[in-house]
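> predicted coordinates and the sequence they were generated for:
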Amino acid sequence: MTNVALKILTASATFAVAAAAYPVDYLINGGFENPDPGGYYGGGIQGWIGQGEGAPHANHATPGNGTLGTGFGYYTPRDNNNTSVFRQDIGITPLPGAKYNFRSWAFGGGNALGTAIYQIGFLIGGGFIDLATRTYEVKATSWQSFAGVTWIAPQQRLANDLLVVQFGPALFNGKGDNSDLWVDKSEFLEDLQPSTGILSGTLTLEDFAPADDQAYLETIRTPIQFELVDPLGNIAETVLTTLDNDNKFLIWTNLRGEYSLRAKARTWLSQSIPVSVTNAGVSGLNYSLANGDIDGDDMVTVFDYDKLSAYFDATNTGYMFWNMQDAEGNARRDADLDKDGAVTVFDYDVLSKNFDRSGS
C-alpha cells in the first residue's frame, strides 16, 4: 500500500468579510452583564449555555475587579463528559488562514484556586470536536487577564463548520481541582493580520486510503494533537488542529525557546521534530506518521493485533456499531487503519509493516 495525500474536497462556499476593523470580537455578552430574565444566581447568562451562571461583582468584592463591569460568570468544571462546560455557539465559518483567540479574565472562585480551560472547536453530531485547548492554573488572590487559546484556521475548510468556544471540563487533560472558576471580560477575536510564533508545515498520514468521502471527512475532522515538549520532557503546551486539504497545518504559540514539537493522530504513531521557536515562527516542518496504533498507546504491539483480530471483517455499514467504543475506549473504526470503511487483510498489512515500532 502507498502513502496517499489528502484529496481536495470542494465545497460551494463564499467567505464574506464584514467591513469592520480587525480584530473582530464575535462573543455575545462576553462581559456577563446581561443575565437571563430570572436574574443572577440561577437565572443563567444571555448568550451562554451549559452549567454556568452569573453573579454581581458588588456582592463579591475581589481585588482586581474594579474595571470588569457589573456581573461575572462562574461554573464548576468538575468532570470530563462535557456536561460541566460554559459554552457559546459562535455560528461563523472560520475564514481560511485567520487567527482566532478565545481569552478572558479569571479568578479561582471562593478559595482563589481553580483551573481555566479555554477551548475552540466545532459541534458535529452533538459532540464537541476540539480544535485547540489551553489550560491555566488560576491561583492568584486577584482577578487576572489570561491569553486564552489561539487557533489558526487552515487555508481550506468545509463551508458547514461553525465555531464554538467553551470554558471546558476540568479533567479534559488531567487537571482541575473541582473549584469554581469565575470568568469575566471574555472575547473571541478573529484577526486577519499576520502574527508571530506560527509553526507550520505538512503532515502525511501513511497508509491512508479512504474509500469514500465519509471516511475521508471522519479522518480530517479528527484533530491532530501537537505538543511542545521542553528539554526536560515536560509538555509545555498542547494544541489540536486539523489539516487542510493539502496536508498542511498552522498552529500558534506564545512560547519561545528550544522545544520538540510532537505530532500524534488517531491510529498513527507520534513523531517529534526539534524546533527553535522565535517571533518569526518555524516553517517547513515535515511529518510522516506511521500507521498501526489501534489502541492509542503510541506503540504497535500484539495488543493492536488483538484488537484487529476481534474486529476483523467489520464494515462501516452498521454505523452505530462501527463507532461504538469497547471497555478500553476503542471502536471498530480504529481497526480500519487505512480508513477504507472495512477491517480487512489490508489493515493487517499496515500493522505488520509497522509492528514493534513506537512513537517518538
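Arrived safely, thanks for sending.
> let me see the contact set for the closest residue to residue 257 other than its chain neighbours.
Nearest residue to residue 257, sequence neighbours excluded (Cβ to Cβ, 6 or more residues apart in numbering): residue 277, at 6.2 Å. (Glycine included, C-beta is placed from N, CA and C.) Counting by Cβ atoms under 8 Å, 6 or more residues apart in numbering, residue 277 makes contact with 197, 199, 228, 253, 255-259.
> same check, this time on residue 317
Counting by Cβ under 8 Å, 6+ apart, residue 317 has no contacts.
> pLDDT weak spots in the stretch 101-250 of the chain?
Applying pLDDT under 70 to the stretch 101-250 of the chain picks out residues 125-126, 155-160, 170-178, 193-195, 211-222, 245.
> distance-wise, check the residue nearest to residue 257 relative to residue 244.
22 Å (Cβ to Cβ, to the nearest Å).
> repeat that for residue 224.
Distance from residue 224 to residue 244, by Cβ to Cβ: 11 Å.
> do the same with residue 169
29 Å.
> pick out whichever of the two has more residues nearby.
Taking other Cβ atoms under 10 Å, residue 169 and residue 244 do not tie; residue 169 has more neighbours (25 against 20).
> quick one: that one and residue 87 touch, right?
No - in this structure, residue 169 is not within contact of residue 87 by Cβ atoms under 8 Å, at 10.9 Å.
> distance between the helix or strand containing residue 271 and the chain's centre?
Per DSSP states H and E: residue 271 is located in strand 267-277. Relative to its chain's centre, strand 267-277 lies at 17 Å (Cα atoms, centre = their mean, to the nearest Å).
> direction included, what does it pair up with?
Strands that pair with strand 267-277, judged by DSSP bridges, come out as strand 257-265 (antiparallel), strand 291-293 (antiparallel).
> CA atoms of that strand as CSV?
Output in CSV follows, covering the C-alpha atoms of strand 267-277 (Å, rounded to 0.1, in the frame of the first residue of the first chain):
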residue,chain,number,x,y,z
THR,A,267,-4.1,5.2,14.9
TRP,A,268,-0.9,6.9,13.8
LEU,A,269,2.3,6.9,15.9
SER,A,270,3.7,10.2,17.2
GLN,A,271,6.7,11.9,15.6
SER,A,272,8.8,14.7,17.2
ILE,A,273,10.8,17.4,15.5
PRO,A,274,13.2,19.8,17.4
VAL,A,275,12.2,23.4,16.9
SER,A,276,13.7,26.7,18.0
VAL,A,277,10.6,29.0,18.5
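> in that strand, which residues are buried?
267-273, 275, 277 (16 or more other Cβ atoms under 10 Å).
> which residue ranges of the stretch 251-360 of the chain form helices?
302-310, 319-323, 332-335, 345-353 (DSSP state H, counting those that start in this stretch).
> nearest to residue 184, of those?
Ranking the helices of the stretch 251-360 of the chain by proximity to residue 184 (Cβ to Cβ) places helix 319-323 first, at 38.5 Å.
> please consider this matter closed, and thank you.
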